[in-house]
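1. Provide a 3D model corresponding to the input given below.
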Amino acid sequence: MLLSRSENPCSEWCIVGSVTGRWVVSVVVVAAVLPTAPAAARWHLTDLGTLGGAFSRATAINDQGQVAGFSTPAGGTTADPHCFLWERGTMRDLGTLPGTADCEPSLVDDAGEVLGASGSEAFLWRDGRFTDLGPGEADDINSHGVVVGMTGQHAFLWRGGTRTLLPEPAPVNGWVDAWAILDDGTVIGDVFVRGGLGGTRAVEWRNGRLRFLPLPPHATESTSNAIDGHGATVGTVIYSTGYHTHAAIWKAGSVAVIPAPNRGDGQVIDGQGDVGVLSTTGTGLNLSATSFVWSNGKLLPLNRRVDFTCANRHLLAGARNRAFVWMNGKLTWLPARKSAVNDCNDHDQIVGWTVVKGTRVNRTQPVHAALWSH
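-> Residues are numbered from 1 along each chain as shown. This is a model prediction of the structure:
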């Protein structure tokens, strides 16, 4: 499972050349229309059900096939969902952190530990018990049990019961967001600074020290969105002239841009280096967008807009009103016409939600957590 931080399409609930001289990315735009496969028979949809209410949503899956999400219990409402852990056909009600009314998980690791936010508190659930990590939300955990999260305008680490704030630019006068931690302790995130450096910058914390990820010439800001298993980070670089943007990849201390037409944003990256790119043009009601896949030095147009939300070793997945997967050079729509994707693991299991046909609840069709596999 590769880490990404993308806009969730759920409305129900809710690189031209080396700028450092180290490596070069050549750009070829392929004009041919890519094949779009129909929903392949080998992809199967499993409705994970609910905790007794009308709504549920799967937010994370680990490589053991355990799914974390949240759901309304019997008699509950969408304002007070419980966290759940689904495994081998059984949905377990984890409840909420004691003293809070709602729960939403962000990740489940391969040990079955669940992270997220319950009420206004970050939590870690393990061995059947919640641990309160303090105000905020918990976003990621590494194999050494170190948790990274965000609280207010600050980012924190939690290790063995001790919580510490990550170093910040001085003065920050803005916000800090850390969303991924690697096994070597490197943390990936963004900071926003008012005055001084100014604007948003993609950053990493390595050995306890804050480092701004490099910018290409003439760029003034950047954001990070996803990281692959080889340490490559993908995101967006911003140019002050016309607020122009390009998708970007940071690797081995250098940055390269993927100059998709118009304004490009790098959303996810898989283990083969394929990047999902969203390209937009216009503003307001005149805003239009199309998506690309950057693969093997070629920019492949999908001739439609989709939003990429997860990746694994060899596929990209996401949704645009309907869940899809990009795999083996093809875009395949997954079963269930009204659906979205939140996460995927390295065994090609994809989780999210689907709209279920049936009796409406408060004039709204039920939404159920979903698992796609093949």
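
2. and residue 123, how many neighbours does it have?
-> By other CB atoms under 10 Å, 29 other residues sit near residue 123. C-beta coordinates here come from the backbone N, C-alpha and C atoms, glycine included.

3. pLDDT averaged over the helix or strand harbouring it, what's the number?
-> Assigned by DSSP states H and E, residue 123 falls within strand 121-126. Mean per-residue pLDDT for strand 121-126: 98.

4. So which bits of that strand are buried?
-> 121, 122, 123, 124, 125 (16 or more other CB atoms under 10 Å).

5. is it possible to export those to a markdown table including distance to residue 226?
-> Listed next are the buried residues of strand 121-126 as a markdown table, based on distance: CB to CB, whole Å:
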| residue | distance to residue 226 |
| --- | --- |
| 121 | 27 |
| 122 | 22 |
| 123 | 24 |
| 124 | 23 |
| 125 | 25 |
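
6. Relative to residue 4, which of those residues is nearest.
-> residue 122 (19.8 Å; CB to CB).

7. wait, doesn't that closest one sit right on residue 133?
-> Yes - between residue 122 and residue 133 there is a contact under CB atoms under 8 Å: 4.0 Å.

8. Overlap of the contact sets of the two?
-> Jointly contacting residue 122 and residue 133 under the rule CB atoms under 8 Å, 6 or more residues apart in numbering are 147, 149, 158.

9. So the first one sits against residue 161, correct?
-> The reference is to residue 147. No - taking CB under 8 Å as the definition, residue 147 is not a contact partner of residue 161, at 10.9 Å.

10. What is the burial count for residue 120?
-> 14.

11. looking at it, it is touching residue 134, isn't it?
-> No - with contact defined as CB under 8 Å, residue 120 does not reach residue 134; the gap is 9.8 Å.

12. quick one: strands adjacent to the strand holding residue 123?
-> strand 114-118 (antiparallel), strand 129-135 (antiparallel) (DSSP bridges).

13. related to what we said a few turns ago, closest one to residue 333 out of the shared contacts of residue 122 and residue 133, please.
-> Distance to residue 333 across the shared contacts of residue 122 and residue 133 (CB to CB) is lowest for residue 149, with 34.5 Å.

14. I'd like to know the beta-bridge partner residues of the closest one.
-> residue 138, residue 156.

15. show me what contacts it?
-> Going by CB under 8 Å, 6+ apart, residue 149 touches 115, 122, 133, 136, 137, 138, 139, 140, 155, 156, 158, 178.

16. Identify the farthest-apart pair in the residues you listed.
-> Taking CB to CB, no two of the contacts of residue 149 sit farther apart than 115 and 155, at 14.3 Å.

17. returning to what we had before: for residue 47, which of the strands paired with strand 121-126 is the nearest?
-> Taking these one by one with CB to CB, strand 114-118 is closest: 21.1 Å.

18. Dump the closest one to PDB, restricted to CA.
-> In PDB, the C-alpha atoms belonging to strand 114-118 read as follows (Å, rounded to 0.1, in the frame of the first residue of the first chain):
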ATOM      1  CA  VAL A 114      -6.300   1.600  13.600                       C
ATOM      2  CA  LEU A 115      -5.500   5.300  13.600                       C
ATOM      3  CA  GLY A 116      -7.800   8.300  13.200                       C
ATOM      4  CA  ALA A 117      -9.800  10.900  15.000                       C
ATOM      5  CA  SER A 118     -12.700  10.500  17.500                       C
END
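
19. what's the pLDDT at the closest residue to residue 305 other than its chain neighbours?
-> Leaving aside its sequence neighbours, residue 305 sits nearest to residue 289 (CB to CB, 6 or more residues apart in numbering; 4.4 Å). If you check residue 289, the pLDDT there is 90.

20. How about residue 329?
-> Note on residue 329: pLDDT of 92.

21. which of the contacts of residue 149 has the most neighbours?
-> residue 138 leads the contacts of residue 149 on contacts (other CB under 10 Å) with 28 neighbours.

22. pretty sure it is touching residue 118, no?
-> No - in this structure residue 138 lies outside contact range of residue 118 using CB under 8 Å: 9.9 Å.

23. List the residues that contact the residue most central in space within the chain.
-> Taking CA atoms, centre = their mean as the criterion, residue 5 is the residue nearest the geometric centre of the chain, at 2.9 Å. Residues near residue 5 by CB under 8 Å, 6+ apart: 179, 180, 224, 225, 226.

24. change it to 6 Å
-> Listed by CB atoms under 6 Å, 6 or more residues apart in numbering, the contact partners of residue 5 are 179, 225.

25. on that earlier part again, okay, and the beta partners of the residue nearest to residue 305?
-> residue 280.

26. these two touch, right, it and residue 280?
-> Yes - contact criterion CB atoms under 6 Å: residue 289 and residue 280 qualify, at 4.3 Å.

27. what angle do the helix or strand hosting residue 107 and strand 129-135 make?
-> In this structure, residue 107 sits in strand 103-108 according to DSSP H and E. Counting by axes from the mean of the first three to the mean of the last three CA atoms, to 10 degrees, strand 103-108 points 100 degrees away from the direction of strand 129-135.
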